[in-house]
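**Student:** With the input below, show me the fold.
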Amino acid sequence: MIRNELFSILRFLFVVCIVGYHFAPEELLARIWIFGSGQTCLTFFFVLSGFLTHWAASSAWKGTGDFYRKKLISLGPLYYATLLVCIAIEVRNSRFPIPVITADLAMVQAWIPGQQMGLNPPAWFMSALVFCLGLYPFLKKVIGCRTARFCLISAGIFWLIVQAASVALDAFQLHPAPLYWMYFPLFHLASFLVGIATCEWHLRREVSSTGSDTLIPFLISVVGLVCCLKGIESAPQTLRQAGWTSLFALPFAWVVVSVARLPAGVVDALDRPWIRMMGKISFPVYLLQVPVFKVFDRLLIQPCDGVMTIPLFLAYLGLLFIPSILWITIAESLLLAKLRPRRT
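**Tutor:** Purely as a prediction, here's the structure:
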């Protein structure tokens, strides 16, 4: 399995940007561009997931079984533990939305209009990621005798379908939700496929002289750029959002493959425990941000006139890191205890 702790740093930085996008005060959102566009950071995680999943299945691993077990152990328990906390909060507020709870338990909320946010809004990411990971064994069989170009063209087709559907639904006023495509798994499957294509190029070092493998990303980038231009206010919001995200998937892919090709000396220099911890707590920080904010809001923000300030935001981040580090510490302790050989 590829080991490069620069991925840990990038995971951590992008997750902090996503948290900032959700909860940072307006003055920070105005000053720091990436906070104001934090939703695009999630594209990086789908690209990286596609890259690492394909790497694991194509390298020394005998199959994807070990990879999926590790993913299940690292992601599943925290997802459901956080979900239980969110259910408890709903019950305390005299609410028990059975359809929403059922969708969250089954991790299908990202498919359902109006329920993408569910009980824990950031958890929609898991719904879309589980779909991508679950589809990967089939994708691997299809990709087996093909090149990275196949994945890239497929990603382009998915993006264009999403954008066309957005325009059509908007024209007939049948759009299911204002930002439905932000959470639609097929849209993020396109970014996942870009990650797979990037991994194929990295593994095979493909160089095509036909130029066809650069045509599709060029067209996608043009569509994305056109959809993002502020002057096109008449375009549906979801189309602009889809274009914005598609515009970032390819640069993120370039970042991922560049990190994967770093010299061994650089990789070794970054192999530090505190950097590894940054990568490990990224998912807990992402998933716990809303439950922790609800506690923080009641204890500190509401007594301060209900206004999030820069000092309060920094304090919130510090509070968010505590349960995240605690979760990783406990999880690793339990895992080490399980793996420790028994004395006879």
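**Student:** Tell me how far F45 lies from P303.
**Tutor:** Remark: distance between F45 and P303 (Cβ to Cβ, to the nearest Å) = 35 Å. Any C-beta I mention is one placed from the backbone N, CA and C, and that applies to glycine too.
**Student:** So if I had to pick from these two, which one is more boxed in?
**Tutor:** F45 (25 against 9; other Cβ atoms under 10 Å).
**Student:** Please report the distance of the more buried one from V255.
**Tutor:** 12 Å.
**Student:** Equivalent analysis for L119, please.
**Tutor:** 33 Å.
**Student:** Same drill for these two, tell me which one is more crowded.
**Tutor:** Legend: neighbour count by other Cβ under 10 Å for L119 and V255, higher for L119 (24 against 17).
**Student:** Over to that one. Which of the three states is it?
**Tutor:** Following DSSP: H, G, I helix; E, B strand; the rest coil, L119 is assigned to coil.
**Student:** Touching, it and V100? I think so.
**Tutor:** Yes: counting by Cβ atoms under 8 Å, V100 is a contact partner of L119 at 6.0 Å.
**Student:** leaving aside the residues next to it on the chain, what's closest to A190?
**Tutor:** F158 (3.8 Å; Cβ to Cβ, 6 or more residues apart in numbering).
**Student:** which ones are touching the one you found?
**Tutor:** Taking Cβ atoms under 8 Å, 6 or more residues apart in numbering, we find F158 in contact with 186-187, 189-190, 193.
**Student:** Show me which of these is closest to S154.
**Tutor:** The shortest approach to S154 among the contacts of F158 belongs to L193, at 5.4 Å (Cβ to Cβ).
**Student:** before we move on, which element is the closest one in?
**Tutor:** helix 185-204 (DSSP states H and E).
**Student:** Quick check: mean pLDDT of that helix?
**Tutor:** Per-residue pLDDT over helix 185-204 has a mean of 83.
**Student:** Same check on stretch 266-283?
**Tutor:** Per-residue scores along stretch 266-283 average to 88.
**Student:** which outside residues touch that stretch?
**Tutor:** With Cβ under 8 Å, 6+ apart as the criterion, stretch 266-283 contacts 3-9, 11-12, 14-15, 74-75, 78, 321, 324-325, 327-328.
**Student:** Mind checking which of the residues you listed are buried?
**Tutor:** With burial judged by 16 or more other Cβ atoms under 10 Å, the buried subset of the contacts of stretch 266-283 is 4-9, 11-12, 14-15, 75, 78, 321, 324, 327-328.
**Student:** Keep only those of the residues you listed that are in helices.
**Tutor:** 6-9, 11-12, 14-15, 75, 78, 321, 324, 327-328 (DSSP state H).
**Student:** okay, those in a markdown table with pLDDT and distance to W124 next?
**Tutor:** Formatted as a markdown table, these follow (pLDDT from 0 to 100; distance: Cβ to Cβ, whole Å):
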| residue | pLDDT | distance to W124 |
| --- | --- | --- |
| L6 | 89 | 27 |
| F7 | 90 | 23 |
| S8 | 90 | 23 |
| I9 | 91 | 25 |
| R11 | 92 | 18 |
| F12 | 93 | 21 |
| F14 | 92 | 16 |
| V15 | 93 | 15 |
| L75 | 85 | 14 |
| L78 | 90 | 15 |
| F321 | 94 | 23 |
| S324 | 92 | 19 |
| W327 | 90 | 20 |
| I328 | 90 | 23 |
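**Student:** Which single one of those is nearest to G50?
**Tutor:** F7 (13.3 Å).
**Student:** and the closest one, how far is that from Y79?
**Tutor:** Applying Cβ to Cβ, the value for F7 to Y79 is 21 Å.
**Student:** what stretches of the stretch 51-200 of the chain score poorly on pLDDT?
**Tutor:** For the stretch 51-200 of the chain, the stretches flagged by pLDDT under 70 are 59-66, 143-148, 163, 166-167, 170-179.
**Student:** which residues of the stretch 151-300 of the chain fall in helices?
**Tutor:** 185-204, 212-228, 237-260, 264-270, 273-280, 282-296 (DSSP state H, counting those that start in this stretch).
**Student:** Let me know which of the ones you listed is tucked in deepest.
**Tutor:** Comparing the helices of the stretch 151-300 of the chain by mean neighbour count (mean count of other Cβ atoms under 10 Å), helix 185-204 ranks first with a mean of 25.
**Student:** Run the chain-centre distance for that helix.
**Tutor:** 13 Å (Cα atoms, centre = their mean, to the nearest Å).
**Student:** Kindly report the same for stretch 293-300.
**Tutor:** Counting by Cα atoms, centre = their mean, stretch 293-300 comes out at 25 Å from the chain centroid.
**Student:** Stretch 70-79 too?
**Tutor:** The answer for stretch 70-79 is 15 Å, by Cα atoms, centre = their mean.
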